[in-house]
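# Turn this into a structure:
(one chain, ligands or ions: 2)
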Amino acid sequence: MEEVGTGLLDRLDAMQRVAASAPGGPLLIVAGPGTGKTRTLTHRIAYLCAELNVFPEQCLAITFTRRAAEELRHRLDGLLGPVAEDVTVGTFHSLGLAILRENAAAAGLPEGFRIADDAERAAARTEAGDDPARYTALLRKQDLVDLDELLTLPVALLKGDKKLVRDYRERWRWIFVDEYQDVDAVQYDLLRLLSPADGNLCAIGDPDQAIYSFRGADVGYFLRFSEDFTDARLVRLNRNYRSSAPILAAAVQAIAPSSLVRGRRLDPARLDPEAPLVGRYPAASVADEADFVVRTVDDLVGGLSHRSLDSGRIDGRSTSLSFSDIAVLYRTDAQAAPIVDALARANIPVQKRSHDRLRDRPGVLAIARELRHTDGSTGGLPARVRAAGQVLAERFAAPTLDAAGTVRPEDVRTAVDLLTPLARRCGDDLELFLSQLATGAEVDALDPRAEAVTLLTLHAAKGLEFPVVFLVGVEDGLLPLRWPGSTPDDDAIAEERRLFFVGLTRAQDRLYVSHAARRVRHGTERDCRPSPFLDVVDPGLFERFGEAEPRRPKDRQLRLI
Ligand code: ATP
Ligand code: MG
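Residues are numbered from 1 along each chain as shown. Ligands and ions are numbered 1, 2, ... in the order given. Just a heads-up that it's a prediction; the model follows:
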C-alpha cells in the first residue's frame, strides 16, 4: 500500500489512513466502536483541504446532535486552523433551516419565519383538532414552521426545483455524514438531493450501534449504501483503541447473535495480560446493587489514590482514578434514583445527564419571548439575555403581576445562567439563538472535567468513553426492555442487544455488569432474571463478585476472538 501524506495523517493507523485519503466518489466507512470514526472523518476533511486543494467552503459535514456537531467543529479547528470556519458543519435540522432561510419565498414562507415553540405548537394543535392541513395553516398565520418541516420543506422545495439542486450540488461538492446508521427517510431524501449517486459522499458509522429506530431511523440505508451510490468504495476499521481485551471480547460475543456487519471483527489495540476481567455482580435487590456501585467506586478512587504503590500504569495509562473517570449506565431513567441516592449518602459527587432541553426549564421561554419583543436592542446576546432576565425577575417579583405564579424570579435567574453559554456561542445572532432553542438545544449539564461520577442512560452514552463503566440492571425485562402485556418482536430485541453493545463498549479499563434479583417495575416488586444477553458471553470473561468471598478465577487465560 502506498504511503500517503506525511504529517497530517501520521496520527492515523494504516486503515484509518486509507479511509482518510481515499479518492473522491461515494465512500462508506464501516467502523465499530472505539475505532476512531470521528478522528478519521475530521482527518479526511483536513487532508482533502490541505493536500488535494479542496476548498473548505465546498465541504459539508452533517451529524445528528448539536453536541456532535460542536465536537466536529472543534476538532476541525485544531487540524485546519482558521480556514476550518469555512467548512459547513451542522445537524440535519440546522442544514434544513439554512436552506429554508436562503429560499424562504420559494418555500412559501415569509422572510422572518421562525420555529414554533412547544406552547405555540400545542395551541395550534388544540385549535386544529385532528385536521393536519389546518394545523399548518394556523402556524403559517403566525409566520411559524414546525420542527419536522425543517426537513420536509427543503426536500419538497428541492424536488420541485432542478436548478436549486444543481446550485447546492455545485456549492457542496464534498459531503460527510457521521453516524450514518441513524438516518431516517426524510434525511436520506435530503442527502440524495444534495449528493448525486456518483457524488463525493462519505458516510461513516456502525450498523451494530443503530439504536434510534423508535425515532424513525432506518439502518437499511446504511446496509444498502453500495446499491444507492454508484461504485461505492468500502473501508472497514477494525482496530479498537478504546477497550481492554476482555471488555472487547465480551462486547463482540454479546453482539454476535444480532450483528448486522458480516464478519464483524474488532481487534484490540490494547493487549495487557493483566487487564481485569469484566466484573459481574448478582445483587439481591436494587439497594444491594446501589451499595455495590458505591463500595466499588470508593475502592477504586479512595483505594488507588491512597496507595501510591498501586498507581502504576496500564498500557501506558495511569491507573490512579478520579470520580470523573467513572460512569454508571442504565436502560431507563427510573433506575437512576437509587444509585444517585446511595452515592450522595456516601458523599460521592454525581452528575446526571438526561436529555434535558433548555426550553423545558422554567423561565427559559419567558426570556425568549422577552428577547423577541425588545426590537432594536444593542449589545451582544449574553448581555441582552441578562437584561431580559433582569426585566422579568423584577416583573415576576411584583406580587400583583405574578398572575400565573409559575415562574419565580429565582427561576429566571437560573434560566439566565443556563442560557448564557448558548448565547455566547450565537454571538449577536438572535435568530440563530432562538432557532437553536426551538430545535432542542440541551442543558449543558454534562461537564467532562467535573470531579463527579457521571450517570447516563444507554442512549445518552452513545459516542462517549470512560475508564470505568458500571452497567446496572442487566435484567430480563430491562435489557431487553419489556412493557407489561407486550412482547418485543425480533427486531426490537435486536435493537436492545445493540444498545447493550453500545453500553459495554463505552468502557476503557474496567467494566462491571450487575443485575438485581428483585426490582419494583410498573408499581409492583417482581423477581428478575439476569438478562439473556449475558448468556452468550463466555463465563470465563467474567469475574463474579458478591458470593460469600469474592472469588478470583484461578485460570485467567482469555479466549479472545
Ligand atoms: P464510537 O463508535 O463509540 O463513537 P469511535 O469510532 O467514534 O467510537 P473514537 O471515540 O473516535 O471512536 O475513538 C476511540 C478512542 O480511540 C479515542 O480515545 C481515540 O483517541 C482513540 N484512537 C482512535 N484512533 C487512534 C489511533 N490511530 N491511535 C491511537 N488512539 C486512537
Ligand atoms: Mg464516535
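
# Neighbours of the closest residue to ligand 1 within the stretch 51-200 of the chain, how many?
Nearest residue of the stretch 51-200 of the chain to ligand 1, counting by CB to the nearest ligand atom: residue 179, 7.9 Å away. Quick note: C-beta positions are derived from backbone N, CA and C, even for glycine. Per other CB atoms under 10 Å, the neighbour tally for residue 179 reads 24.

# list the contacts for it?
Neighbouring residues of residue 179 by CB atoms under 8 Å, 6 or more residues apart in numbering: 63-64, 68, 204-205, 209, 463.

# cool, residue 251 as well?
By CB under 8 Å, 6+ apart, the contact set of residue 251 is 33, 243, 266, 501, 504-505.

# Which helix or which strand is home to it?
If you go by DSSP states H and E, residue 251 is part of helix 245-255.

# who touches the helix or strand following that helix?
Next along the chain after helix 245-255, taking DSSP H and E as the criterion, comes strand 267-268. Outside strand 267-268, the residues that touch it by CB under 8 Å, 6+ apart are 238-240, 243-245, 248-249, 560.

# So what's the gap between strand 267-268 and the chain middle?
When C-alpha coordinates are averaged (CA atoms, centre = their mean, to the nearest Å), strand 267-268 and its chain have centres 24 Å apart.

# go on, stretch 266-283?
How far stretch 266-283 lies from its chain's middle: 25 Å, per CA atoms, centre = their mean.

# buried sites along it?
Buried positions in stretch 266-283, judged by neighbour count with 16 or more other CB atoms under 10 Å: 266, 268-270, 272, 275-283.

# Please apply the same query to stretch 47-62.
Quick answer for stretch 47-62 (16+ other CB under 10 Å): 47-50, 54, 56, 58-62.

# Could you identify the most distant pair in those?
50 and 62 (21.2 Å; CB to CB).

# Closest to ligand 2 out of the buried residues of stretch 266-283?
The nearest member of the buried residues of stretch 266-283 to ligand 2, counting by CB to the ion, is residue 266 at 14.2 Å.

# Now do the closest one against residue 534, distance only.
Here residue 266 is placed at a distance of 19 Å from residue 534 (CB to CB, to the nearest Å).

# any idea which helix or strand carries the closest residue to residue 73 other than its chain neighbours?
Of all residues not flanking residue 73 in the chain, residue 89 sits nearest, at 4.8 Å (CB to CB, 6 or more residues apart in numbering). Using DSSP H and E, residue 89 falls within strand 88-91.

# what does residue 122 give?
Assigned by DSSP H and E, residue 122 belongs to helix 118-128.

# picking that back up, got a winner among the contacts of residue 251 for most neighbours?
Among the contacts of residue 251, residue 505 has the most neighbours (other CB under 10 Å), with 29 neighbours.

# any idea how far that residue is from residue 358?
With distances taken as CB to CB, residue 505 is found 30 Å from residue 358.

# where in the stretch 451-561 of the chain is pLDDT low?
The stretch 451-561 of the chain contains residues with pLDDT under 70 at 547-561.

# Quick check: the residue of it nearest ligand 2.
Nearest residue of the stretch 451-561 of the chain to ligand 2, counting by CB to the ion: residue 463, 4.2 Å away.

# ok, that residue - contacts?
Residue 463 sits next to 38, 68, 179 when contact means CB under 8 Å, 6+ apart.

# again, only using 7 Å
Applying CB atoms under 7 Å, 6 or more residues apart in numbering to residue 463 gives the contacts residue 68.

# try the one 3 residues further on
Residue 466 makes contact with 325-327, 506-508 under the criterion CB under 7 Å, 6+ apart.

# what's the closest of the residues you listed to residue 230?
Nearest member of these to residue 230, counting by CB to CB, is residue 506, at 36.5 Å.

# burial measure for the closest residue to ligand 1 within the stretch 151-300 of the chain, as a count.
Across the stretch 151-300 of the chain, no residue is closer to ligand 1 than residue 241, which sits at 3.2 Å (CB to the nearest ligand atom). Residues contacting residue 241 under the criterion other CB under 10 Å number 16.
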